[in-house]
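J.: what shape does this take:
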Amino acid sequence: MRALLTGLAILAALLLDSALSHVSPVAARVFDPFLLVTVYCGLQGGETHGMLAGAAAGWVQDVHFGGTVVGLSGLTKILVGFAVGVAGSRFLLSGPLARACVLFAAALVDSLLVEALASAFDIRAYELPLGALLGRGAVNAIVGAVTFEALDRQLGRRVRA
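T.: Reported below is the predicted structural model:
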């Protein structure tokens, strides 16, 4: 059941990112729904589920929106999913503020990893200036925290504040 829900979440992220790319390509570069799926799975299911969801979400993102190398986003999402899963199992990250902080950090780490891996593999990647990087983190943190709260209420999960 967990795999089915994760697959549906990745499909929803694909549809949302596709629609956002057609409406506003700039906003599609800032908001990353695949990252939200990875972080949510890491927080709810631990590091293994976060890594698997990150691999699937990253590969779907690479196939549909990536450049010449398929797997770059997959690798970064695996690392982010693992780190979030480990942090979620060690610390109490169930409140909205804690989740927003995790999402902010995950967005920063994801962007910086893509830039670092792209330069390591000699691939051209869109480098974000500091202001855009912080804006990307803030947008993903706000949208993600609100989405996670709505999901928890819909699924009936108790949130420990």
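
J.: count of residues packed around residue 75?
T.: By other CB atoms under 10 Å, the residues close to residue 75 number 18. C-beta here means a position set from N, CA and C on the backbone, and glycine is covered the same way.

J.: and the strand or helix carrying it, which residues are buried?
T.: Using DSSP states H and E, residue 75 maps to helix 72-90. By neighbour count with 16 or more other CB atoms under 10 Å, helix 72-90 contains the buried residues 72-85, 87-88.

J.: tell me the residue furthest from the middle of this structure?
T.: Each residue of the chain has a distance to the centre, and by CA atoms, centre = their mean the biggest one is for residue 122: 23.9 Å.

J.: separation between that one and residue 113?
T.: Distance, residue 122 to residue 113, by CB to CB, to the nearest Å: 16 Å.

J.: repeat for residue 129
T.: For residue 129, the distance to residue 113 equals 17 Å [CB to CB].

J.: more neighbours, the two?
T.: Taking other CB under 10 Å, residue 129 and residue 113 do not tie; residue 113 has more neighbours (17 against 8).

J.: where's that one, which helix or strand?
T.: If you go by DSSP H and E, residue 113 is part of helix 96-120.

J.: give me the residues contacting that helix.
T.: Under the contact criterion CB atoms under 8 Å, 6 or more residues apart in numbering, helix 96-120 has outside partners 32, 35-36, 38-39, 43, 72-73, 75-77, 79-80, 83-84, 87-88, 91-93, 123-125, 127-128, 133-134, 136-138, 140-142, 144-145, 148-149, 159.
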